[in-house]
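A.B. asks: could you work out the structure for the sequence below:
(one chain, ligands or ions: 2)
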Amino acid sequence: MSVASPGPLSGPLAISLGDPAGIGPELIAEAWSRRDSERLPPFAVIGGAEILRAAARSRGIELPVKAIASLDAAGDAFAAALPVLDLQDGAWSPGAPSREGAELAMGSLAEATRRTVRGEAAALVTGPVAKARLAEVGFDHPGQTEYVATACGIASGDAVMMLAGPRLRAVPLTVHVALAQVPTLLTRDLIVRRARIVATALQSDFGVSRPRLAIAGLNPHAGEDGRFGDEEQRIIAPAVALLREEGIDAAGPFPPDAMFTARAREQYDAALCMFHDQALIPLKTLDFDEGVNVTLGLPLVRTSPDHGTAFDIAGKGLADPGAMIAAIRMAGDCAARRG
Ligand SMILES: NC(=O)c1ccc[n+]([C@@H]2O[C@H](COP(=O)([O-])OP(=O)(O)OC[C@H]3O[C@@H](n4cnc5c(N)ncnc54)[C@H](O)[C@@H]3O)[C@@H](O)[C@H]2O)c1
Ligand SMILES: N[C@H](C(=O)O)[C@H](O)COP(=O)(O)O
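C.D. replies: Ligands and ions are numbered 1, 2, ... in the order given. So this is what the prediction gives:
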């Protein structure tokens, strides 16, 4: 596998705060405090200056914050202070999600996305939000992936979620839907359309010159010749054949239980999985503390840590900052590769 190196970045990254009652703010503060040792690109947070200061204190970090009026000012401020584009803070309490906090998270996401779409930021990093809490305040999307796609003018079906860590890249081809719906949603066209997006993004954003895609089966033993389900024969194998005709290096359908071993992972650059947990269980088992959720197929680069709001540990100094740091680093690297 040949991998191209990233070049210089065009501007700061914009980071949305995430739910203020979750671990997002403290991990953003932690990432800023490690900016030199982790060699992170400059970033600015959209809103929540007081929340960030308090979240930092909960981890024993004294966080200098620089209020900025535009993202242009972030680069100069970043070495000495965390640049924060001022929005109101509102009331918040770690571990206790509230309506007000969800509104702040939604406002921060909207503003960070808007500014990145306008080209004021080199890439977008989204802090973790709780989808159910956001829905209560009018957020009408299954997740941030679909929200950002819509803001970019892209059909949400053409925004592809990939979870990426040092040991595995995994793509759930169906995402936030009930398991019972999965067989009704899987079609040859869906697999082909999303696989094309993955192959293109692995080249443009990850520098993989000839991406190798491993396509999972849906059923035990990939259907065992139709004995345990026929989606492999009717849908998945024809999709793989079509992709290969187009010159995409796709293989499968593979028995899902054996395709994530260390030996199997050497054979591909991304695993395309039929449903959310088929992709995210191996990814989070192997790479939870370095896993990044990256949206492929957008005109902008968007990443997020693989974990959620973790309300159970917010404000206790227990949250591992690795995935947030990896999300910031990956956003910078992908944006720099696009140039
Ligand atoms: N990036 C995102 O926006 C994102 C990702 C996943 C889940 N979510 C949302 O987060 C909410 C909670 O989801 P969940 O409970 O399924 O997942 P979660 O990742 O928030 O928590 C799962 C478990 O992992 C632990 N954990 C999470 N991050 C950790 C870290 N950095 N260090 C140490 N331990 C950590 C938590 O304490 C918890 O025990 C849901 O509402 C979901 O929608 C958001
Ligand atoms: N399934 C994702 C994960 O566990 O990482 C997560 O829920 C985030 O989804 P959005 O980025 O679409 O909000």
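A.B. asks: what does this protein put close to ligand 1?
C.D. replies: 23, 128-132, 144, 293, 304-305, 307-310, 312-313, 319-320, 323 (C-beta under 6 Å from any ligand atom). Any C-beta I mention is one placed from the backbone N, CA and C, and that applies to glycine too.
A.B. asks: for ChimeraX, what selects the buried ones among these?
C.D. replies: Buried members of the residues of the chain next to ligand 1, defined by 16 or more other C-beta atoms under 10 Å, are picked up in ChimeraX with:
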select :23,128,129,130,144,293,304,305,307,308,309,310,313,319,320,323
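A.B. asks: what subset of the residues of the chain next to ligand 1 is also close to ligand 2?
C.D. replies: For ligand 2, the contacts drawn from the residues of the chain next to ligand 1 by C-beta under 6 Å from any ligand atom are 144, 293, 304.
A.B. asks: closest one of those to ligand 1?
C.D. replies: residue 304 (3.9 Å; C-beta to the nearest ligand atom).
A.B. asks: can you tell me the SS state at that closest one?
C.D. replies: strand (DSSP: H, G, I helix; E, B strand; the rest coil).
A.B. asks: what's across from it in the sheet?
C.D. replies: Per DSSP bridges, the residues bridged to residue 304 are residue 293.
A.B. asks: just to revisit the earlier point, if you look at the residues of the chain next to ligand 1, which of them are in strands?
C.D. replies: 293, 304, 305 (DSSP state E).
A.B. asks: can you put these in a markdown table and add pLDDT and distance to residue 10?
C.D. replies: Formatted as a markdown table, those follow (pLDDT from 0 to 100; distance: C-beta to C-beta, whole Å):
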| residue | pLDDT | distance to residue 10 |
| --- | --- | --- |
| 293 | 98 | 23 |
| 304 | 98 | 21 |
| 305 | 98 | 23 |
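A.B. asks: and the lengthiest helix in the chain, what's buried?
C.D. replies: For the chain, the longest helix by residue count, based on DSSP state H, is helix 99-117. Buried positions in helix 99-117, judged by neighbour count with 16+ other C-beta under 10 Å: 100-109, 111-113, 115-117.
A.B. asks: quick one: it near ligand 2?
C.D. replies: No: Helix 99-117 lies out of reach of ligand 2 by C-beta under 6 Å from any ligand atom, never closer than 9.3 Å.
A.B. asks: roughly how far is stretch 219-230 from the heart of the chain?
C.D. replies: 31 Å (C-alpha atoms, centre = their mean, to the nearest Å).
A.B. asks: do the same with stretch 178-188
C.D. replies: Its chain's C-alpha centre and that of stretch 178-188 lie 22 Å apart, by C-alpha atoms, centre = their mean.
A.B. asks: quote the end-to-end distance of that stretch.
C.D. replies: Distance between the two ends of stretch 178-188: 20 Å, counting by C-alpha to C-alpha, to the nearest Å.
A.B. asks: likewise for stretch 116-128?
C.D. replies: First-to-last residue span, stretch 116-128, C-alpha to C-alpha: 18 Å.
A.B. asks: what mean pLDDT does stretch 86-94 get?
C.D. replies: For stretch 86-94, the mean pLDDT works out to 79.
A.B. asks: what residues sit buried inside it?
C.D. replies: In stretch 86-94, counting by 16+ other C-beta under 10 Å, buried: 87, 89, 90, 92, 94.
A.B. asks: next SSE after the longest helix of the chain?
C.D. replies: Counting by DSSP states H and E, the next helix or strand C-terminal to helix 99-117 is strand 123-126.
A.B. asks: export that next one as CSV, just CAs?
C.D. replies: The C-alpha coordinates for strand 123-126 follow below in CSV (Å, rounded to 0.1, in the frame of the first residue of the first chain):
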residue,chain,number,x,y,z
ALA,A,123,-11.8,21.3,8.2
LEU,A,124,-14.5,20.5,10.7
VAL,A,125,-14.2,18.5,13.9
THR,A,126,-17.4,17.8,15.7
